[in-house]
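Engineer: sequence below, structure please.
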Amino acid sequence: MDDDEILDLSPADVRKLLHAASLLNTLAADRENMDLLLDLQGLLVRRVLARERAIARTRKLEGMLKLSLRKARLDKAGSKRVKALLQKCGSFIDQSWHWIFLWKCFGDGVACAYHSPYNLKILLYDQDYNVKQGAGFITGKEGFALEWEILEHCVRKGYPVVMSDVTNMIRVGDICFLGGVDPLPLEVKTGNASGPRAARQHQLLQEVTSFYVNDGAKQFKGLPNVERHAMPDGPDYRNLMNDCIRQASAEGYALVSPEPGLQYVAVTSVEQMTKLQDQLKPWVLPRILTASLGWVPCLPFTLTLEPDNLVSFISGKVAVFVLTDMEYLKSLFLQHGSHATMIMDGVSAIQVCADPEDLMKGVYRISELLFARVALEFQSLAWFAQENAVNKQPSWGTMTRKEFEALPEGSYCFQIPEAWARVKDFYAARQLRIDVV
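Structural biologist: Numbers count the residues shown, from 1 in each chain. Model prediction:
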């Protein structure tokens with residue numbers, strides 16, 4: 001792979017990642033091990049704090065360097081050296097933020113060891129269904145000591161709890177109880193919090209808790225009449241993906257096809273990339289998987305990839321692709337009496353209907369996030385089509401909040417957006433697209 005795509009891991013970095021991966025895998029297999037749950041979160045807190053301190057030191061150095069550019073009257077050579085140092089500082093800060101994200105992926109793994117990501121994902125969003133702003137620094141956070149004290153007490157008593165600040169996914173509440181049927185986020189306050197921000201936090205916490213209890217709400221995150229339906233677990237091919245990565249690490253290239261219409265490809269050298277090109281057709285959707293925020297809120301790679309493969313994946317020494325034959329997927333939907341149009345417009349992935357000539361017989365759209373789970377969680381394509389066929393869905397149209405708000409007042413129960421009748425497959429223009437997540 002190209003040098004700029006590879007994260008240079010020191011032997012110490014590798015040992016830390018392998019240790020965290022080992023703890024997480026053991027916890028996923030033994031969720032009653034409360035000592036392990038506490039040890040892993042303590043490790044994650046230490047790793048995040050170390051990166052936060054590094055960011056703070058580098059920002060301080062940045063400030064000094066910028067001041068010298070303004071006031072030190074440097075000559076051309078000196079100015080060039082300072083600017084080069086500033087660039088290195090910026091790169092180091094970006095890399096440190098990436099490390100914080102990676103350590104929090106292990107925290108996501110903790111949460112997903114107890115609950116499905118389908119169940120956890122609403123904790124990622126604010127009242128308007130936008131991704132909620134991530135947590136600030138743990139360093140210097142008022143109330144952090146109390147949060148840890150409560151968490152430690154609960155875990156010692158046998159109640160699984162995760163600290164929100166060591167996850168990317170949980171952005172509601174400070175700690176989240178994981179032992180029940182649903183996750184239970186809680187705010188931890190050291191004083192009498194007040195003001196608009198505290199009020200918004202309290203309202204969101206109440207809305208989320210009520211949604212879990214009632215399996216829906218008349219109004220939820222800006223949308224009316226939202227119902228929660230259980231999503232069954234289908235077959236997954238994580239073992240085959242791990243085999244594919246191991247083979248590529250040994251041979252430079254590997255391709256496996258767990259079922260028709262679905263291929264996994266792993267590549268460790270630029271020279272082998274030409275083999276990948278041979279697999280690409282306009283109707284084949286290639287998705288390159290990367291250790292990035294695009295994975296949230298799906299099942300994290302820290303749970304699905306084996307430790308050695310995880311290190312190769314995080315470092316960028318192996319490029320992993322999932323190839324989906326969208327024409328074959330259309331045929332799978334048709335087997336279940338559904339007509340599918342492959343949209344992939346950045347919001348919706350697929351429009352499914354009972355009759356393309358009369359959408360009032362039933363139409364809905366599958367989000368790109370839901371469809372991304374096929375690749376990111378190594379799901380079965382045939383199972384995905386079966387579970388999302390028309391006969392498994394409500395008979396009315398499902399739309400985004402933006403589309404809902406654009407409809408004439410009073411008509412939204414019966415009217416379908418006009419654009420839905422004119423959709424075409426994204427590859428109709430015979431253009432190739434590569435999705436990076």
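Engineer: kindly export stretch 225-245 (C-alpha atoms) in PDB.
Structural biologist: Extracted C-alpha coordinates of stretch 225-245, given in PDB (Å, rounded to 0.1, in the frame of the first residue of the first chain):
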ATOM      1  CA  ASN A 225     -45.300   8.000  15.000                       C
ATOM      2  CA  VAL A 226     -41.900   6.200  15.300                       C
ATOM      3  CA  GLU A 227     -42.100   2.600  16.200                       C
ATOM      4  CA  ARG A 228     -39.300   0.300  17.200                       C
ATOM      5  CA  HIS A 229     -39.200  -3.200  15.800                       C
ATOM      6  CA  ALA A 230     -36.800  -6.000  16.700                       C
ATOM      7  CA  MET A 231     -34.200  -6.700  14.100                       C
ATOM      8  CA  PRO A 232     -33.300 -10.400  14.100                       C
ATOM      9  CA  ASP A 233     -29.700 -11.500  14.000                       C
ATOM     10  CA  GLY A 234     -28.800 -13.000  10.600                       C
ATOM     11  CA  PRO A 235     -25.800 -15.000   9.600                       C
ATOM     12  CA  ASP A 236     -22.500 -13.200   9.400                       C
ATOM     13  CA  TYR A 237     -19.200 -14.100   7.700                       C
ATOM     14  CA  ARG A 238     -16.600 -12.500  10.000                       C
ATOM     15  CA  ASN A 239     -14.700 -15.800  10.100                       C
ATOM     16  CA  LEU A 240     -14.400 -15.800   6.300                       C
ATOM     17  CA  MET A 241     -13.300 -12.100   6.300                       C
ATOM     18  CA  ASN A 242     -10.600 -12.900   8.900                       C
ATOM     19  CA  ASP A 243      -9.400 -15.900   6.800                       C
ATOM     20  CA  CYS A 244      -9.300 -13.500   3.800                       C
ATOM     21  CA  ILE A 245      -7.100 -11.000   5.600                       C
END
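Engineer: so which bits of that stretch are buried?
Structural biologist: Across stretch 225-245, burial judged by 16 or more other C-beta atoms under 10 Å covers Val226, Arg228, Asp236, Tyr237, Arg238, Leu240, Met241, Asn242, Asp243, Cys244, Ile245. Every residue, glycine included, has its C-beta placed from N, CA and C.
Engineer: quick one: those residues as JSON lines, columns for secondary structure too.
Structural biologist: Below are the buried residues of stretch 225-245 laid out as JSON lines (DSSP: H, G, I helix; E, B strand; the rest coil):
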{"residue": "Val226", "secondary structure": "strand"}
{"residue": "Arg228", "secondary structure": "coil"}
{"residue": "Asp236", "secondary structure": "strand"}
{"residue": "Tyr237", "secondary structure": "coil"}
{"residue": "Arg238", "secondary structure": "helix"}
{"residue": "Leu240", "secondary structure": "helix"}
{"residue": "Met241", "secondary structure": "helix"}
{"residue": "Asn242", "secondary structure": "helix"}
{"residue": "Asp243", "secondary structure": "helix"}
{"residue": "Cys244", "secondary structure": "helix"}
{"residue": "Ile245", "secondary structure": "helix"}
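Engineer: farthest pair in the residues you listed?
Structural biologist: Among those, the pair separated by the greatest distance (C-beta to C-beta) is Val226 and Asp243, at 39.8 Å.
Engineer: need the helix or strand of the protein with the lowest average pLDDT.
Structural biologist: Every helix and strand in the chain was compared by mean pLDDT, DSSP states H and E; the lowest is strand 435-436, with a mean of 60.
Engineer: where does Phe321 fall, phi/psi-wise?
Structural biologist: When read as degrees, to the nearest 10, the backbone of Phe321 gives phi -130, psi 150.
Engineer: ok, Met163 next?
Structural biologist: phi -80, psi 130.
Engineer: how many residues are close by it?
Structural biologist: By other C-beta atoms under 10 Å, 26 other residues sit near Met163.
Engineer: what sits against it?
Structural biologist: Applying C-beta atoms under 8 Å, 6 or more residues apart in numbering, we find Met163 in contact with Gln41, Val45, Gly107, Glu147, Trp148, Leu151, Asp174, Ile175.
Engineer: hmm, try it at 7 Å
Structural biologist: Residues near Met163 by C-beta atoms under 7 Å, 6 or more residues apart in numbering: Gln41, Glu147, Leu151, Ile175.
Engineer: and those, which is closest to Ser380?
Structural biologist: The nearest member of those to Ser380, counting by C-beta to C-beta, is Gln41 at 32.7 Å.
Engineer: nearest residue to the residue nearest the centre of the chain in space, please, no chain neighbours.
Structural biologist: Of all residues in the chain, the one closest to the mean position by C-alpha atoms, centre = their mean is Val296, 1.1 Å from it. With sequence-adjacent residues excluded and distances taken as C-beta to C-beta, 6 or more residues apart in numbering, Val296 is closest to Asn168, at 4.9 Å.
Engineer: can you list contacts of stretch 234-246?
Structural biologist: 254, 256, 258, 264, 266, 304-306, 309, 312, 318, 320, 377-380, 383, 387.
Engineer: let's see it at 6 Å
Structural biologist: By C-beta atoms under 6 Å, 6 or more residues apart in numbering, the surrounding residues in contact with stretch 234-246 are 254, 256, 258, 264, 266, 304, 306, 309, 318, 378-380, 383.
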